[in-house]
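Peer 1: next one to model:
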Amino acid sequence: MREQELINLHALLFEVRASLEREDGVPSSSFEDYDAQPVRPAHIHRRKEAHERAIDLLLNDIVDCVQRRPPPDQTIPT
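Peer 2: This next block holds a predicted model:
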């Protein structure tokens, strides 16, 4: 992936995180691994590898949040 594409992906995943926190009540502490690293989507001057690492951490934290959510109610209305 090109560096600009990685930055765009990083920004998109950052928005997914914000949505999880805002709409699903996920605490910001759920993203401790990502928050511990210094690269954010706005840091366009950072190396490609730094954005790749940040994306990996953010994806892992997002997956953990989604997996911990209870499954949706599967009952069929009668």
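
Peer 1: where does pLDDT dip in the protein?
Peer 2: Within the chain, the ranges that satisfy pLDDT under 70 run 72, 74-78.

Peer 1: repeat the analysis, applying 80 as the threshold.
Peer 2: 69-78 (pLDDT under 80).

Peer 1: for it, which segments count as helices?
Peer 2: 3-23, 32-36, 48-68 (DSSP state H).

Peer 1: what residues sit buried inside the first one?
Peer 2: The reference is to helix 3-23. Neighbour-count burial for helix 3-23 flags Leu6, Ile7, Leu9, His10, Leu13, Phe14, Arg17, Leu20 (criterion: 16 or more other C-beta atoms under 10 Å). (Glycine included, C-beta is placed from N, CA and C.)

Peer 1: what lies in contact with that helix?
Peer 2: Helix 3-23 has contacts (C-beta atoms under 8 Å, 6 or more residues apart in numbering) with 1, 26-28, 30-31, 34, 39-41, 44, 48, 51-52, 54-55, 58-59, 61-62, 65-66.

Peer 1: hmm, back to that, so can I have a markdown table of the buried residues of helix 3-23 showing distance to Pro70?
Peer 2: Converted to a markdown table, those look like this (distance: C-beta to C-beta, whole Å):
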| residue | distance to Pro70 |
| --- | --- |
| Leu6 | 33 |
| Ile7 | 34 |
| Leu9 | 28 |
| His10 | 29 |
| Leu13 | 23 |
| Phe14 | 25 |
| Arg17 | 20 |
| Leu20 | 14 |
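
Peer 1: closest to Pro71 among the residues you listed?
Peer 2: Leu20 (16.4 Å; C-beta to C-beta).

Peer 1: if we can go back for a sec, now the buried members of the contacts of helix 3-23.
Peer 2: Those of the contacts of helix 3-23 that meet the buried threshold are 26, 30-31, 34, 39, 41, 51-52, 54-55, 58, 61-62, 65, by 16+ other C-beta under 10 Å.
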